[in-house]
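Visitor: give me a 3D structure for the following:
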Amino acid sequence: MSGVRLRLLGAPVVEQAGRPLALPTRKLLGLLAYLALEGPTPRSKLAGLFWSEQDEATARSNLRRELNRLRHTPIATLLQTDRDLLQLGPIQTDVAAFRAHLKEGELEPALALYRGPLLDGLELSGAEGFAEWLEARREELAHLWREALQRQAERLEAAHDLRGALSARLGLLREDELQELHHREAMRLHALLGEREAALARFARLKDLLRHELHLEPLPETLELARQIEQGTLAAPPPPPAPTGMGLALDPPLIGREAEWARMEAAWAAGQAIYLCGPAGVGKTRLMQEFARHKGPLFLLQAQPGDSGIPYAFYTRAIRQSLAQFPGLELPPWARRELARLVPELEDAPPPITTPEGKLRLLEAITEVIRALGRRGVRSIVTDDLQFVQDAASNEVAAYALGRLLPEGVLHPLVAFRREELNPLILQTIQQQVLQGQAILIELKPLSETDLLRLVRALSGSSGAIRFTQRLHQATGGNPLFVLETLKALFDSGALQVGPEGWRTPYDQETRDYRELPLPASVQEAVARRLQGLGAAPQRLLEAASLAGDGFGLEELEGATALSEWESLEALEQALAANLLQPQGPGYAFSHDLVRRSIREGLGAQRRQLLHRKLAQGLERQSGNPARIAEHWEEGGKPQAAIPWRIRAAEAAVRIYAHREALEQYQKALADGAEGRVAFEIRREQARLWKTLDERVPWAEALSHMQQLASQLGDTALQAETRLGWAELHLLSARYAEALQQANLALQDQPLPPALSGQAHYLGGRALAAMGDLRAAESRLQQALTHLPQDLLTLDIYDWLSIFAYRQGHLEAALRYTEAERSLAQALGSRTGQNNALQNAATFTAAQGHYEQAVQLAEQAIAEAREVGDVTLLRYALLNLFAIHYQRSNFEAALGPLEEGLQSAREPQNPEMEAKFLNNLSLVHWYRGALGAAYRAVSQALELSQQSGHQADALFYQVVLADDLHWLGRPAEAAAMLASAAESTRELGLWGRVPWVETHLARCEVSLGQPEQALKRLERLSQEPRLSDFLNPPRMSWVEGLARLKLNQPALALQAVQDAHSDDPTTTSQLWSVRLWAQARLGRVSPEDLQKGLELLEVQGIPPLEKLSLRQAVMVALRARGDLSQALDQQRLAEQGLQALSGSLKEYPELKDGFWQWYAFHPNVTP
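Guide: Model prediction:
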């Protein structure tokens, strides 16, 4: 509930709209406090905490009574319930604010919030569990307060506010008077303030306490301090000098990096990428740039914190920078067109990217820019702060470009990053490159004390400075940036000065270890000290800039600084002169990210939020990047204002195929509080994106959210739309029955808009087709056409209708649908639709017997796909041309499109298409007698499909591989694979494939000596009603004939194949083989049938192994007729064929041995 605040530190107070609110009971106050601090909690746990002595039923009853009391208060709506969980709605607490301030290093506001122990004075009877929890939380928060107060004391003293530091130390003593350290520090501060008597009184109090409470004496260092105070010998700190503001320019030489430089030289000579990692300020940038400049012209890319969440932000800036640095940079026209998506000033941007292949062209165009820089003489690409490149799109570019450029040796990449902040996927890629010898990774360490002494001497011109350096190294740890900022702060404060003999300090004569130097405790503190000397205007500008992100311009800060244009320019010049800012492209950036962080973290929470809101408003006026605008609104405490900007950012990402960034933006919009229809629309877009990425688990999650929102909104159209989403997911996951069910349920949600009705019929038709019911599928698609407008989905429907008609042998109807598809595609300007129609026309023309015309149409489709630049379209066009050649048994011609398609499917890799090309390649090899190559190709296809989750495809390739293994003489292995495939095929509802798989399995059973089992299987298939449309009677007749031969029933074998007929020459040869075997065993071989067998042996479209089986049958028939001479000729040909086929298996010795043994020991049995 808005406006409710719990003040829990000290005496608890509940406020509503700034006014105290009394609660009915103290237990209710404790309950609210617990939920506010711990979050959602089960009722059972709360009952046990607050009524620890009661049984569960009584405790729950008491809890219900307290909750009922809350419901009768003005803050009743604050309580939220979710089944057994209780939680509070949005609520402010001082505890949360206290922790937030501490996290940001904001000590003063945090300490102001701590009014005392948590829930001070609150004691509840019968609530032992709550009391234990409260005690633990009190101690935790008190510990945080003590640490903060001690840090505050140290800060105040470092800033020469001794009175403030003393007050902080006394506060710590009030908390725990037995802490000797605090007594000692209070004594010292009293003395430094000239309060000698107060210091000695504090010492006397300490001695009494230690003796009375612990029977101890003060520590030696405390006694020494008391002695110095009594004798007046305690050294006073130097007075704070007047700040100079502009500091001293320090231009340090590169020192202490000799070993790293040598490793970089070796890597450069070896053509390896060079990666430098290390903590902020350790000197990565300096070393990398010095080395690159030593090698010749370089191109510097600076990643920025604001790049996160903006697709290709890093490379967009790099492209603009390269064009500005190298006017007239030569780029191919296609690359300029693609780059215009990111840099619109190049030329008019092409249409949005809709395919993975389109994205690949963009990646290649970005890579082409780097190649062009190499042609202009650039020797190295230097990338700094890679950890800021967090968007998946830019990371993909990096992986792609490095994969291309490292082997080419075009440019030397040098990259610096902070390991702990780097995207883990990028780090993994780098480590892989190192393991492969393509790169080196150097972890940069801080300077040693020896190297720091060399640096100090080089800067100061002194030959001594040993003790000064020791103190400096002790304070900074050797971090070069910390060292330089510390030196600048010392110069600004006057504690370090330039004298005739070099640097000097006021402590040089009497110091032992320069302990007196007012060294900052951190880089942040060093920067804060320097900032104070610049004045109010530069401080305002830098504070706003620290939130704006690098590359900012003055106009971006307008409205956030309350400075005039002239005042802003003057403040900018001061910040540049102090080396806190530096130019970057057309804007400005901080000299180091730690400087930006230091200033940002010095802002109070309220001021930070205000500045973010002002920056958001300024960017809105300038039509700035929507992701940055959204981020400013969120950081400004206005997440609702960020929602439309997050949605715009997602839409922009989709246009350049940066789908993961789009998903991230949509998720942030939901986190900002998007609800109702807006939330539904976001979930819908998420579902579409997950579908495009083919990531089905998150796709299902998005659909579940859509389902819940549609139900809450009570909108039947949205509910139907969600059902159709489920139908599409089920369809692509080969769950065809579930897809059909969801499509049918959607049609029951009335009234339904025509577009949704059309889509429901379309998806239902697709599901029916996949299940093998082509007639019903065609009917559903016809109904879909009556509901849908003439759009791209209608094109798809015409495409499927033509395929259904073709599969049913209705070639004229198929061509009519294809012409309708072509005409509509032309009207809609869809090059893809026109190409699909052209491919279908080629297929159907070939089926009509017009081979040459079909080839011309297929080649035209390929040429047009290349012209459009659509790789997906090209792959299918190549598959189409292959199929036409294959069906004509022109296997040599079929190899060309297969090999080109396979290369296309591998780069960029598309596992589904690669598997299709491999499977078809295996068919060509099989028909050419290259059995080993065929086995290898289909095995690879199966493995790819299994790895990529294409289950239906994997099952298909599994059956093909099993059939190959059977022909190769391994029927047991084949049978096991087929049994598994048969079970999975039924589970997925792939009824059109069930007879195909089980007929193969029945043939294996014959080969394994189980002909009765094979006959029973065939009988069951023929009697299963839902399979009646999918049976292949000629093939089943062949397997039945084999079973009868195995049972020595030649008459029944002949009867099984007598009337069987097929247009397929391979199936015909198999039927004729059984016919001749049966006639030979019956002793009455028909001369006509024998002649037909001899003629089939000359047909080109029969694979060699199947032809070998037929040759064996012809040989047996010739012997039965007494023609031993011809029989011997056929035997020699069979042996020659067997030898050649066996030789093709030389890569697979185990297959070769098994193959030879199978045919050697089964010379008279068709396998």
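
Visitor: where does pLDDT dip in the stretch 451-600 of the chain?
Guide: 500-501, 507, 509-510, 512-513, 519, 521-523, 562-564, 566 (pLDDT under 70).

Visitor: so where do the helices sit in it?
Guide: Ranges of helices in the stretch 451-600 of the chain, per DSSP state H, counting those that start in this stretch, are 466-476, 480-493, 523-532, 536-548, 554-557, 565-577, 593-601.

Visitor: now do the stretch 201-350 of the chain
Guide: Using DSSP H, counting those that start in this stretch, helices in the stretch 201-350 of the chain cover 220-231, 258-269, 284-295, 313-325, 333-339.

Visitor: can you spell out which helices and strands pack onto the fourth one?
Guide: In terms of contact count using 3 or more C-beta pairs under 8 Å, 6 or more residues apart in numbering; DSSP states H and E, helix 313-325 is assigned the packing partners strand 298-302, helix 356-375, helix 392-408. Where you see a C-beta, it was placed from the backbone N, CA and C, and this is true even at glycine.

Visitor: closest to A537 out of those?
Guide: A537 lies closest to strand 298-302 among those, at 26.7 Å (C-beta to C-beta).

Visitor: mean confidence for the closest one?
Guide: Average pLDDT, strand 298-302: 85.

Visitor: which residues sit against that strand?
Guide: Contacts with strand 298-302, where a contact means C-beta atoms under 8 Å, 6 or more residues apart in numbering, come from 289, 292, 314, 317-318, 321-322, 325, 373, 378-385, 550, 584, 589.

Visitor: in its sheet, what does that strand sit against?
Guide: In the sheet, strand 298-302 lines up against strand 380-384 (parallel) (DSSP bridges).

Visitor: taking helix 284-295 as reference, get the angle to the strand it pairs with.
Guide: 170 degrees (axes from the mean of the first three to the mean of the last three C-alpha atoms, to 10 degrees).

Visitor: check the gap between R1111 and D1089 for me.
Guide: 15 Å (C-beta to C-beta, to the nearest Å).

Visitor: repeat that for T476.
Guide: T476 is 99 Å from D1089, by C-beta to C-beta.

Visitor: swap in R151?
Guide: Distance, R151 to D1089, using C-beta to C-beta: 102 Å.

Visitor: same question, V415
Guide: Separation of V415 from D1089 (C-beta to C-beta): 76 Å.

Visitor: who has more neighbours out of those two?
Guide: Ranked by neighbour count (other C-beta atoms under 10 Å), V415 and D1089 place V415 first, with 25 against 15.

Visitor: now tabulate the helices and strands packed on helix 313-325 in TSV and tack on mean neighbour count.
Guide: Shown next, in TSV, are those (neighbours: other C-beta atoms under 10 Å):
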stretch	mean neighbour count
strand 298-302	20
helix 356-375	19
helix 392-408	18
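
Visitor: for those, which one sits closest to V1074?
Guide: Comparing these by C-beta to C-beta, helix 356-375 comes nearest, at 48.4 Å.

Visitor: give me the contacts around that closest one.
Guide: Residues outside helix 356-375 that contact it (C-beta under 8 Å, 6+ apart) are 299, 312, 315, 318-319, 322, 326, 329-332, 334-336, 338-339, 341-342, 353, 381, 396-397, 400-401, 404-405, 408, 410-411, 656-657, 869-872, 908, 910.

Visitor: try stretch 257-269
Guide: With C-beta under 8 Å, 6+ apart, stretch 257-269 has contacts from 273-274, 276, 283, 287, 291, 295, 412, 439-440, 442, 444.

Visitor: stretch 558-572 now?
Guide: Residues outside stretch 558-572 that contact it (C-beta under 8 Å, 6+ apart): 537-538, 540-541, 544, 548, 554, 557, 581, 588, 611, 614-615, 617-618.
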